[in-house]
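K.L.:
need a structure here:
(chains A and B)
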Amino acid sequence: MTIAAGTPRRKRPFWTIERRDAAAGYLFIAPQLIGIVTFVLFPLGLVFYYSLHEWNVLANTFNFVGAANYQMLLADKALPQVLLSSAIFSAGLVILNMSLALLLAVLLDQKLKGITVFRTLFFSPVVVSLVAWTIVWSFLLQNNGGINGLLQLIGVEGPNWLRTPATAMISVVVVQVFKNVGLNMILFLAALQGVPKELYEAARVDGAGRFKQFRRITLPLISPTILLTSIITIVGSLQVFAQIAVLTQGGPGMTTTVLVYYLYQQAFQFHFFGYGSTLSILLFVIVALLTFVQWQMRKRIVFYEN
Amino acid sequence: MKITQLKASAAIAGILLPLAWSGTVWAQDAVNLRMTIWSANEAHLAMFNEIAEGFKATHPNVTVSFEPLPFDSYTTTLTTQIAGGNPPDLAWILETTAADFVNSGALAPLTDAFKATEGYDIADVSEQATALWTKDGQLYAYPFSTSPFAIFVNNDVIKAAGAKTPAELIAEGAWTWDNAFATAATVGQSGKTGLVLRDFKYQVWQNMASIWNGWGASPWSPDGKTCTFTDPAMIDAMTAIHKAIFVDKAMPGPGEDIDFFAGETGMTITQISRASLLPKENPFDWDLVPLPAGPVGNYAVVGQAGVGAFAASPNAATAVEFLAYMTNPENSQKLAQFFPPARASLLNAETLASTNPLLSAEQIDNVVIDGISTGTVLPGHTNFAQIQQTVRSSLDSLWVADADIPAVLQSVCDSVGPLLAR
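P.N.:
Predicted structure coming up:
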């Protein structure tokens, strides 16, 4: 039959090369995808679902309340202070962490004997257990602790670090900076070593000083790393919890009650799981927005994106 | 369906059904009860395990395990277990959160089960002790520990500082807060620590009740609806405490973590169950005295711990049975060696002396028996965690040398008032 002979297409096998490629591709990303769906997207969906409910754990009641938790969020008198504390913490952390990391990276970007010892030294806090690190600092920062003991030796009466509003926030920021500055330092170090040395030679020939070289060559060329570390640091700073829980429990007053600690209190200490979930949604939106803004700004600040 | 498939299905069913059946029987037979507790003390655990073993005599299929959780985050961990769908069958409950648990309906009622248990003698359990754990005439948790606050004294430290010891002051009839603070101040100014309010840490403010009750102060009205931090009695009490900390250096300031039992402190206010912490090596000359008299005279404060069974547990009935066994007269006597009992028949110097070899007859009489029979329980409230945190946060500004005490206490009431009125 001519018709049948003229339509070989219909007998084309299902597993074409394209389809096989696509299937292989999907199989390759499946483990990651399944992980994200199970451990990120599904819990995120659940948190949103819980945020529409009032969940009394003890009485075992779970009632739909619609937007009531979101209205509570808008009316929450403590929330502005919590957001302010979060903002101060994040700003302090990002500025201090990034500038210290960059300074360390520049200092350590030299071919000196034993320089790797210093690199290891500054990086080592990153691999120390966060809670252990914080507990040691809590002893140092006590009123009768190690830091004030040292200050006393030189005749200075130290403040009560964790119990005075201003120094409590500074202490929490500094403890966190020392813990994580090594990670950003390594990233900056790698970026610095990727800057072609000829550019510096050319700049020297043109009469550029050290500072000008740094501003005109180093900074633009490592700007992608600056963007990356700033995103990581800001996102990380918004999720700080253990340090606050160990060092200040959000005090004195509410000065160090950052958003994650506040939502922990609401959900796990006060048992308002619905409202706690609503606060998590707020946190998610803030992190997403900040990341989006930074990503948009990359065209302005990142050299390679021009 | 083909015949072969039918055969195969029948064969599989023939194998699986008996297995499933035996599984059900097994599941019905063996009961594992889990009780969350906040003590990891080995002696406590040994005693509880012994009681659990005793229960096996009548209930060979029941195993009880005790899960110690850290004290500081006890209630948080417990409620997280409940929220996560993994509640224990039984749990210890702090006096401060009693109202939350008793009113929530989460706990199984106990009174009828206890009455039905032979030899339980519920009339022996003092009503004063059960008041906090009772709703509408039903007991929802059994107060297995009613522990008075008292003062442990290190006479070595006090004598070295040249101050009068509490025992001397008691003998003179001058054991008042004024004199107690004076002794502590002398010790504090000698370079050691005068008086530590244990576990307070400028966070657990409800422990200050062991001091301010002497002024007749309380954080809220008896019905729990009105904040009374601004009452004159509370202002006077807080002024005395503030002066002891910041002027007289009688008490360590915020951010100073000091343990009395390390031996460098004159006195500490804590519950008598802490006697187990007294050092066995290099012991110091210690004493145990009741709380000093305040402006309102003699008073006593007790902390309580209850134990309840969760109504939603599939083994709730067995859990209640175990609770009835654990708190029967015979086992109550065992518990009394660590936890001051709620049973009137056990509240006598003779019984308590045999179970508390560390304490003298005088100490048991003055501190334990008097304390339990006259003591008021630490303040508690429904929604306590949020109220606790709100007050803690506002009180923080009190813990500086130049604090405006009435203004800070007003701010406490401003912030906690709406929560209490709810």
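K.L.:
ok, now which ones touch A:Tyr50?
P.N.:
A:Phe273, A:Gly274, A:Ser277 (C-beta atoms under 8 Å, 6 or more residues apart in numbering or on different chains). Every C-beta, even on glycine, is put in place using the N, C-alpha and C of the backbone.
K.L.:
Domain ranges for the chain, per the record?
P.N.:
All of this is about chain A. Chain A breaks down into these domains under automatic domain parsing: A:15-64, A:71-305.
K.L.:
ah, no, chain B please
P.N.:
Following automatic domain parsing, chain B resolves into domains at B:30-147+B:303-376, B:148-301.
K.L.:
got CSV for those domains, with mean pLDDT, distance to A:Arg119 and mean neighbour count too?
P.N.:
CSV is the format used below for the domains of chain B (pLDDT from 0 to 100; distance: least, C-beta to C-beta, whole Å; neighbours: other C-beta atoms under 10 Å in any protein chain shown):
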stretch, mean pLDDT, distance to A:Arg119, mean neighbour count
domain B:30-147+B:303-376, 91, 38, 18
domain B:148-301, 94, 35, 19
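K.L.:
Mind putting those domains into JSON lines with distance to chain A?
P.N.:
Shown next, in JSON lines, are these (distance: least, C-beta to the nearest C-beta, whole Å):
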{"stretch": "domain B:30-147+B:303-376", "distance to chain A": "4"}
{"stretch": "domain B:148-301", "distance to chain A": "4"}
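K.L.:
out of these, nearest to A:Gly250?
P.N.:
domain B:148-301 (10.4 Å; C-beta to C-beta).
K.L.:
how long is the closest one from one end to the other?
P.N.:
6 Å (C-alpha to C-alpha, to the nearest Å).
K.L.:
of all the domains of chain A, which gets the most neighbours per residue?
P.N.:
Among the domains of chain A, domain A:71-305 has the highest mean neighbour count (mean count of other C-beta atoms under 10 Å in any protein chain shown), at a mean of 17.
K.L.:
Off-centre distance for that one?
P.N.:
Chain-centre distance of domain A:71-305: 8 Å, with C-alpha atoms, centre = their mean, to the nearest Å.
K.L.:
any residue of that domain up close to chain B?
P.N.:
Yes: using C-beta under 8 Å from any C-beta of the partner chain, domain A:71-305 reaches chain B at A:142-145, A:160-164, A:249-254, A:257, A:265, A:268-271, A:273.
K.L.:
so is B:Asp287 in a helix, a strand, or just coil?
P.N.:
Using DSSP: H, G, I helix; E, B strand; the rest coil, the structure places B:Asp287 in strand.
K.L.:
Tell me how far it lies from B:Asn154.
P.N.:
8 Å (C-beta to C-beta, to the nearest Å).
K.L.:
Which secondary structure element is home to A:Leu219?
P.N.:
helix A:219-221 (DSSP states H and E).
K.L.:
Next, the contact list for the nearest residue to A:Arg204 once chain neighbours are set aside, please.
P.N.:
Distance criterion C-beta to C-beta, 6 or more residues apart in numbering or on different chains; nearest residue to A:Arg204, sequence neighbours excluded, is A:Gln213 at 7.5 Å. Listed by C-beta under 8 Å, 6+ apart, the contact set of A:Gln213 reads A:Tyr200, A:Ala203, A:Arg204.
K.L.:
on that earlier part again, could you export the domains of chain B as TSV, including distance to A:Ile29?
P.N.:
As requested, these are exported to TSV (distance: least, C-beta to C-beta, whole Å):
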stretch	distance to A:Ile29
domain B:30-147+B:303-376	31
domain B:148-301	48
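K.L.:
Which among the ones you listed is found nearest to A:Arg20?
P.N.:
Among these, domain B:30-147+B:303-376 sits nearest to A:Arg20 (C-beta to C-beta), with 43.1 Å.
K.L.:
helix/strand/coil for the nearest residue to B:Gln203 once chain neighbours are set aside?
P.N.:
The shortest distance from B:Gln203 to any non-neighbouring residue, by C-beta to C-beta, 6+ apart, is to B:Arg392 (5.7 Å). Following three-state DSSP, we place B:Arg392 in the helix state.
K.L.:
Now do the same for B:Leu33: helix, strand or coil?
P.N.:
Relying on three-state DSSP, one would call B:Leu33 strand.
K.L.:
hang on, isn't it packed against B:Thr63?
P.N.:
Yes: here B:Leu33 reaches B:Thr63: they are 7.1 Å apart, a contact under C-beta atoms under 8 Å.
K.L.:
ok so, going back, the residue nearest to A:Arg204 and chain B, how far apart?
P.N.:
Per C-beta to the nearest C-beta, to the nearest Å, A:Gln213 is found 47 Å from chain B.
K.L.:
Please report the distance of that residue from B:Trp220.
P.N.:
Taking C-beta to C-beta, one finds A:Gln213 at 67 Å from B:Trp220.
K.L.:
Contacts for the helix or strand hosting A:Ser230, please.
P.N.:
Element membership for A:Ser230 (DSSP H and E) is helix A:223-238. With C-beta under 8 Å, 6+ apart as the test, helix A:223-238 has contacts from A:86, A:89-90, A:93-94, A:97-98, A:101, A:176, A:180, A:184, A:187-188, A:190-191, A:219, A:258-260, A:283, A:286-287, A:290-291, A:294-295, A:298, A:301-304.
K.L.:
let's see it at 7 Å
P.N.:
A:86, A:89-90, A:93-94, A:97-98, A:184, A:187-188, A:191, A:259, A:283, A:286-287, A:290-291, A:294, A:298, A:301-304 (C-beta atoms under 7 Å, 6 or more residues apart in numbering or on different chains).
K.L.:
what is the mean pLDDT for that helix?
P.N.:
Averaged over helix A:223-238, pLDDT sits at 90.
K.L.:
what bits of the stretch 51-200 of chain A have low per-residue confidence?
P.N.:
Counting by pLDDT under 70, the stretch 51-200 of chain A contains no low-confidence range.
K.L.:
Show me the helices in it, by range?
P.N.:
Using DSSP state H, counting those that start in this stretch, the helices of the stretch 51-200 of chain A run over residues A:68-75, A:79-108, A:115-127, A:130-141, A:146-153, A:165-193, A:197-205.
K.L.:
Just the strands from the stretch 101-250 of chain B, written as ranges.
P.N.:
With DSSP state E, counting those that start in this stretch as the criterion, the stretch 101-250 of chain B has strands at B:134-135, B:138-139, B:142-154, B:193-197.
K.L.:
Compare those and report which one is nearest to B:Gln271.
P.N.:
Taking these one by one with C-beta to C-beta, strand B:142-154 is closest: 4.1 Å.
K.L.:
Please name every helix or strand in contact with that closest one.
P.N.:
helix B:127-130, strand B:265-271, strand B:286-289, strand B:301-309, helix B:370-374 (3 or more C-beta pairs under 7 Å, 6 or more residues apart in numbering or on different chains; DSSP states H and E).
K.L.:
same thing but at 8 Å, please
P.N.:
The helices and strands touching strand B:142-154, judged by 3 or more C-beta pairs under 8 Å, 6 or more residues apart in numbering or on different chains; DSSP states H and E, are helix B:127-130, helix B:166-172, strand B:265-271, strand B:286-289, strand B:301-309, helix B:329-335, helix B:370-374.
K.L.:
Point out the one among these that comes closest to A:Thr134.
P.N.:
So among the helices and strands packed on strand B:142-154, strand B:265-271 is nearest, using C-beta to C-beta, at 26.7 Å.
K.L.:
Could you spell out the sheet neighbours of the closest one, each with its direction?
P.N.:
Strand B:265-271 pairs in its sheet with strand B:142-154 (antiparallel), strand B:193-197 (parallel), by DSSP bridges.
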